[in-house]
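A.B. asks: Sequence first, then the predicted structure:
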Amino acid sequence: MADATSASIAQQKIESSGALRARISGGVLIALAVLVLFVLDVAAGEVATFKLTGPRDAIQIPNLVVPGGFNMLVAALLAFLGARLFFRGGGRWATMFIGIGLGIAVLAFLVWADAGKSFNLTGMLSETMVRAVPIALGGLAGVLSERVAVVNIAIEGMLLAGAFTGALMGSLLGSWLGLVAAVAIGGMFGMMLAALVVTFRMDQIIAGVVINLFVLGLTSYVTSQVFAEHRWMNNAEVFRRIEIPVLSDIPVLGPMLFSQNIFVYGALILVGVATYYLFHTKGGLRARAVGEHPRAADTLGVDVYWTRYLHVTLAGMVAGFGGAYFTLGSVGRFDENMTNGRGFIGLAAMIFGRWHPVGALMAALIFGFADSLQQKLALLNTPIPSEFLAMAPYLATIVVVAGLIGKARPPAADGQPYVKE
Amino acid sequence: MDVELRGITKRFGPVVANDNVNLTIRGGEVLGLLGENGAGKSTMMNILSGLYSPDEGEILIDGKPVVFEGPGDGIEAGIGMVHQHFMLVPVFTVAENVVLGVEPTGRLGYLDLKKARAQVDEINKKYGLRVPADELIENLPVGIQQRVEILKVLFREADVLILDEPTAVLTPQEVEEFFGIVSALRDSGKAIVFITHKLHEILAISDRISVLRQGAITGEGDPKELDEEKLAEMMVGRHVSFAVDKAPAQPGEEMLTLDGVTVLDDADEKVLNGVSFTVRSGEILGIAGVQGNGQTELVEVITGLARQNAGKLTFAGEDISHASVRDRHFRGMAHIPEDRHRMGMVDSFNIAENMALNSYYDEAYAAPFGSINWPRVHETAAAFCVDFDVRTPSVFLPGGSLSGGNQQKMVVARELERQTRLVVASQPTRGVDVGSIEYIHKRLVESRDEGDGVLIVSSELDEIMGLSDRILVMFEGRIVAEFDNTGGKADRNQVGLAMAGATGGEAAA
Amino acid sequence: MTSTIAKRELDDAGRKLLVRATQGRENFEDLVIVPIFAVVAALVLGALIMLATGVDIATIGKSFVALAVGSFGSLNAVSETLTAAIPLVLAGLGLGLGFRAGLFNIGAEGQLLMGGMAAAIFSFSFPGLPFPVLMLLSLTAGAVIGALYASIAGILKATTGAHEVISTIMLNLTSFQILVYLLRQPYIQKEGRSDPISKSVPDAGRLPQLLDWIDPNMRLHAGLFLMLIAVAFVWWLLFRSKIGFAFRASGANPDAARYAGMKSGLIVVAAMATAGALAGLAGAAQVQGVLGRASPGFSAGIGFDAIALALLGRSHPVGILFAGILFGGLEAGGRQMQVDAGVSIDLIAIIQALIIVFIAAPLLVRAIFPWGFTRATKGGK
């Protein structure tokens, strides 16, 4: 019996879901190739100039000049990658192929937008870093709470609360105390979320939405009720950038990484610390166990409720710090709903980053890039309406949560309340 | 170490789970604790391990009373529990699972996994467990996972080991090997509590037996003086016959035929690999096998919940390879799902809604404008409840409020009361009391006698042996053996060997 | 479709099972006492917040009086309350239906914007059509576009598993940009205006006012009937129809729904589309009944308030109707409060958020008001 069937199976072609995914993404890459070839075509004679150093930088390197033929090359490469994925499947390289394909498509877009003009690439990369900060911190807050299986939709509210408190307390007590207060308020909302979902077993998503609505209402109320009259209460001093000697002189990398304000440095340090904590310490092991199999952790004497309280509170503090960036790290003044969905984008960064702090940071950089790109393109006078550029980060987020680029597994108990027996 | 439970009582709301229980556990001895589902065995052991606290009574260790306030306390006192549902984190390695909660650490809370690995290997060597310390749990077969659970308990230097239904996921041969480990542990002076509802196992391994019924101890004794019949009577409170009463099968036409059915999982591994067999009308075909060898996928493919990547299904002469769940339903396929809570019912729906869960679309329930004829649904549900002895005061109560046995009877009633031609029953009696088991078995045999084809998938070998006219054994997604079981003539040992992957078996009659 | 179920005659034992079980005390507590306590607790906390932001006691008293008078104190107030309730209830019904189907749709705001926009564009594109025809077709256009916009999130969830919370939020943010873009297009923008604002809805496309014969300032419009019809329709859909049965089963236990042969992807898309149609209708009703044109942010947070509403109404159409009238009252009263006592209307948003906290965490309400529950009944309260 067994022999007969194995023979009949050999004749049938078995298509798996992985192969189908490779086909779809291959098709997408081929479509991109066509797009680059016909829409983003740059006349052969034209060049795109990318400035890498400013006039006052210590070390000067020449501008990057890309000839128009570059886009032909990109189209060819895209077509090759797409065809390979479509016909042969990518195997374990599939994700990488797609990543490379999308990356060079973006490059081609830049070259097209910049054709015949000149454009400060280093400035944009530096801006990318800055814009990635709140998203990365939001993502990190998401990682901390989802690793203990608490879905944290409230990050948006925590960012907003941090921004508000930073502005208010920064105005009253100085920027440093303002920052401390922002972190504390973030932590307080984290603890509140933990109380609602752990102790009162409220639905995690509802709890998050409610905190968002509450913070939005409260900050808007105070802004119109109090700040409108007392403007001095909403005028904090902004943290200046700190140049790190020597390192900040490195071309391109220097302005990106070593000539930024404390929020950029803070975000990088926090990502490092969180990675070490989650994957190399006792506390991290316990936290992850609580997120994957809380009952198992409970039977071994790990206090599930306490672990969740602790990490969601920490997540709130991280988000509070990230929120302070909007005021203390940027304009010094709070405006209604000024976070404008960055917390949710942070959540998407967490998903894209596969629930890993470094992954979340990388994803945040991509979003930051989209964000700063939109800013720069407005200056380059491209024929694309500004509203469409403004949509770019949101659409990118949808693409990410749709998992069109690789899928990962969330912590097994994510979103489920734990009830002790 | 000796442990004594004195007058333990535990209530959950109005339900008394344990009623004035007295029990003594001694070092160097295996205590067998017998009771049917819902008798209160697990509650008692959760009290002993510190997960629950008793409402009345006390626990004494070596004569001194102790109070447990949390699960950590039981472990600290030297009482370790191996749960029926494994308490392992699938994405952690063996070493990480074992040290969780008592991690060896360096400075700054640094997790010393090297040390953990060494410690795991040491215990491995001492008790001959042979568990790979660096493998992820999800990559290990269930038999090894169980040893990880034991390792966890030994790592915490427990002197009392509570094993809750430990053989449920093992083949008969694995059970033998497992008994070897248990004996070794006993001989090293540990006290073992072996909880089960399987009579032959408790007789084979215990030094002493206690029987629990409806929360109270109803019998104690020496296994040498007891036999299965006496134990069964102590467990259920009346005389039970485990042999299913049925006439020889009279197989008719081919009802369901699978031809080379193959299913891939997300990682493109074959979870079903060229499965071919036929169920005839008027026969019960049993699929035996250790859980996780493709049975779930097999049932999903047959019922239309999953699509095969290759192969063909034929139902009563018609190709149903691409038919929908609903289409198969209306062609007369009944499906009793393996996990009623996950699939078989909606807890918050009332009994009537649950009884119409998959036939709300039936013409009998149709009303104008796409409405449902609710009075008709209610009447039908009431009739089903009466027929199947589902005990409830009203069909308007939530399905979740019924007891486990009644829930299962509700699901079985819904499936068998329709006009059916094929019954696919997966784990039809999991987690229900003996009375309900007998009843459900009787109804399945009746379906067969009315001319339905019946396919039973169960990891309880006793159930398969008792009910089936013919037995197929599944291992790693393939059918590896076939046995004729007319009059119960299949050799239990041979079936067991096939469950462990030994191919061949006996030629089909 | 064939039948496999025979008609059954019931004996006495069977008939006994058809007696409806009485609703337990606990049910009553959940449906009535918890909401009442939630509203009271939220109002008290609202007062504390006012106190904390330096509003004196007398003004707080005045604002609560204004809140009461502005919501239900006069015929005009009632008209305002109901006017505010119309879009809230319509959008809330959609969200409640989504919750029942297990979908947490936060996108009502965006769906409402797109629906309202579509209704505006449709109405001024066909100015020649007579009164009821243009009005009804414009409403339909709003519902259809709302449904389509919501379907994006539904389709993404059904095909890729993208969580609807994030995708609907992103669609909200996207819709704001789309709206501003559209409002600047020459075909849509009002002639002679440089700010983004649409042309006006012609009279034949407006929902007629109901009480302007008493006082032309009374804004209550025919959307009231639309709202009531929608309540009845959603009730029928959820609790009487086949598709509603499938919605509820999928929401309560998706695996069981799959087992029962319901197509989960189809149900997700259908539920999202229905919810989107209702939200789009809310937007259309707002444009055709109150505003008369579309402008940036004309939704004014109705889509977010509707989330609170659906939770407060326990995702039950009748509950949502009552919750909508309450929220409409808060809205109308809040405006009065801002005028009379100088307290920012944003306070209402805080009160609404607090109400949901208490509603969604009944354990919390029980912890705060232990005397309101079962123990009290024995004491004969």
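C.D. replies: Right, received. Where do you want to start? Numbering: from 1, shown residues only, chains lettered A, B, ... in the order given.
A.B. asks: Please list the residues of the stretch 151-300 of chain C that sit near chain A.
C.D. replies: The stretch 151-300 of chain C comes close to chain A at residues C:156, C:160-163, C:165-167, C:169-171, C:173-174, C:177-178, C:180-181, as judged by CB under 8 Å from any CB of the partner chain. C-beta coordinates here come from the backbone N, C-alpha and C atoms, glycine included.
A.B. asks: Could you list the residues of the stretch 101-250 of chain C in contact with chain B?
C.D. replies: Within the stretch 101-250 of chain C, the residues that sit near chain B (CB under 8 Å from any CB) are C:236, C:240-243, C:245-246, C:248-249.
A.B. asks: Just the buried ones from those residues, in PyMOL syntax?
C.D. replies: Command for PyMOL that selects the buried part of those, burial taken from 16 or more other CB atoms under 10 Å in any protein chain shown:
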select buried, chain C and resi 240+241+242+243+245+246+248+249
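A.B. asks: possible to save the residues of the stretch 101-250 of chain C next to chain B as TSV with pLDDT and secondary structure?
C.D. replies: Converted to TSV, those look like this (pLDDT from 0 to 100; DSSP: H, G, I helix; E, B strand; the rest coil):
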residue	pLDDT	secondary structure
C:236	96	helix
C:240	94	helix
C:241	95	strand
C:242	94	helix
C:243	94	helix
C:245	96	helix
C:246	95	helix
C:248	95	helix
C:249	95	helix
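A.B. asks: nearest to residue B:467, of the residues of the stretch 101-250 of chain C next to chain B?
C.D. replies: Of all these, residue B:467 sits closest to residue C:249, with 30.8 Å by CB to CB.
A.B. asks: Let me see the contact set for the closest residue to the closest one other than its chain neighbours.
C.D. replies: The shortest distance from residue C:249 to any non-neighbouring residue, by CB to CB, 6 or more residues apart in numbering or on different chains, is to residue C:257 (4.3 Å). Residue C:257 is in contact with C:246, C:249-250, C:264, C:267, counting by CB atoms under 8 Å, 6 or more residues apart in numbering or on different chains.
A.B. asks: any idea how far residue B:426 is from residue B:463?
C.D. replies: Per CB to CB, to the nearest Å, residue B:426 is found 11 Å from residue B:463.
A.B. asks: Name the single longest helix found in chain A.
C.D. replies: In chain A, with assignment by DSSP state H, the single longest helix is helix A:121-146.
A.B. asks: ok so, going back, overlap in contacts of residue B:426 and residue B:463?
C.D. replies: With CB under 8 Å, 6+ apart applied, the overlap between the contact sets of residue B:426 and residue B:463 consists of residue B:456.
A.B. asks: between those two, who's got more neighbours?
C.D. replies: Neighbours per residue (other CB atoms under 10 Å in any protein chain shown) separate residue B:426 from residue B:463, with residue B:426 holding more: 25 against 22.
A.B. asks: Not counting its neighbours along the chain, what's nearest that one?
C.D. replies: residue B:338 (3.8 Å).
A.B. asks: I'd say the one you found and residue B:427 touch.
C.D. replies: Yes - in this structure, residue B:338 is within contact of residue B:427 by CB atoms under 8 Å, at 4.3 Å.
A.B. asks: re earlier: near chain C at all, the longest helix of chain A?
C.D. replies: No - Helix A:121-146 is not in contact with chain C by CB under 8 Å from any CB; minimum separation 10.9 Å.
A.B. asks: which SS state does the residue nearest to residue C:249 fall under?
C.D. replies: Following DSSP: H, G, I helix; E, B strand; the rest coil, residue C:257 is assigned to helix.
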